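**Student:** From the sequence below, what's the structure:
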Amino acid sequence: MQYMLLIYDDESTWATMPEKERNHWYGEYTAFTNELRENGAFVAADQLQSSASATTVTVRDGEKLTTDGPFAETKEALGGYYLIDVASDDEAIAWAAKIPSAQFGRVEVRPVVQIPAETQA
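**Tutor:** Got it, this is the predicted structure:
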C-alpha cells in the first residue's frame with residue numbers, strides 16, 4: 001500500500017538556521033532517502049518551494065479565485081513529501097518517525113487511494 005508522508009515545518013526555522021546546521025539536516029535527509037531506497041519502500045519524494053511561492057485556487061459559483069500563498073494561515077507549512085510503498089500503517093508511521101523534520105516539525109501520514117490507470121482516462 002502506498003502512503004504519503006507530508007512534511008510540515010516552520011519555514012523560518014530553515015531560513016534562520018546556520019548553513020552548517022542546515023547542511024547537517026540535508027545530510028540526514030539524504031541518508032533517510034537512501035535507507036528508503038535500500039528497503040524498497042521509496043516511490044517518490046520532492047522538496048517544495050517556499051509557501052510564499054504558492055497560489056491557492058478556489059472556484060465559487062463558477063468563478064475562479066486565486067490567492068497568493070497557502071490557504072491556511074499557520075506557522076508550519078508543507079515543505080515536501082515522500083511517497084512510500086509499505087505493508088502497513090505501522091510501517092508507514094515508523095518511516096515517518098525517521099524523517100529528520102519529525103524532530104522539529106510534523107509529518108502527516110496518509111494512505112493513498114490508488115486509482116487504476118485505465119480508469120483515469
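**Student:** contacts and neighbour counts: CA atoms only from here.
**Tutor:** Noted.
**Student:** Where does residue 25 sit: helix, strand or coil?
**Tutor:** helix (DSSP: H, G, I helix; E, B strand; the rest coil).
**Student:** Give me the local confidence score for it.
**Tutor:** With respect to pLDDT, residue 25 scores 94.
**Student:** Name all residues that make contact with the spatially most central residue of the chain.
**Tutor:** Note on the chain: the residue nearest the mean C-alpha position is residue 81, at 2.2 Å, using CA atoms, centre = their mean. Counting by CA atoms under 8 Å, 6 or more residues apart in numbering, residue 81 touches 4-7, 45-47.
**Student:** try it again with 6 Å
**Tutor:** Going by CA atoms under 6 Å, 6 or more residues apart in numbering, residue 81 touches 5-7, 45-46.
**Student:** what's the answer for residue 4, then?
**Tutor:** Applying CA under 6 Å, 6+ apart, the residues near residue 4 are 82-83, 109-110.
**Student:** hmm, 8 Å instead?
**Tutor:** 81-84, 108-112.
**Student:** so what strands line up beside the helix or strand hosting it?
**Tutor:** Assessed by DSSP states H and E, residue 4 sits inside strand 2-10. Using DSSP bridges, the strands paired with strand 2-10 are strand 76-85 (antiparallel), strand 106-111 (antiparallel).
**Student:** To residue 93, which of these lies closest?
**Tutor:** Counting by CA to CA, residue 93 lies closest to strand 106-111 out of the strands paired with strand 2-10; the figure is 6.7 Å.
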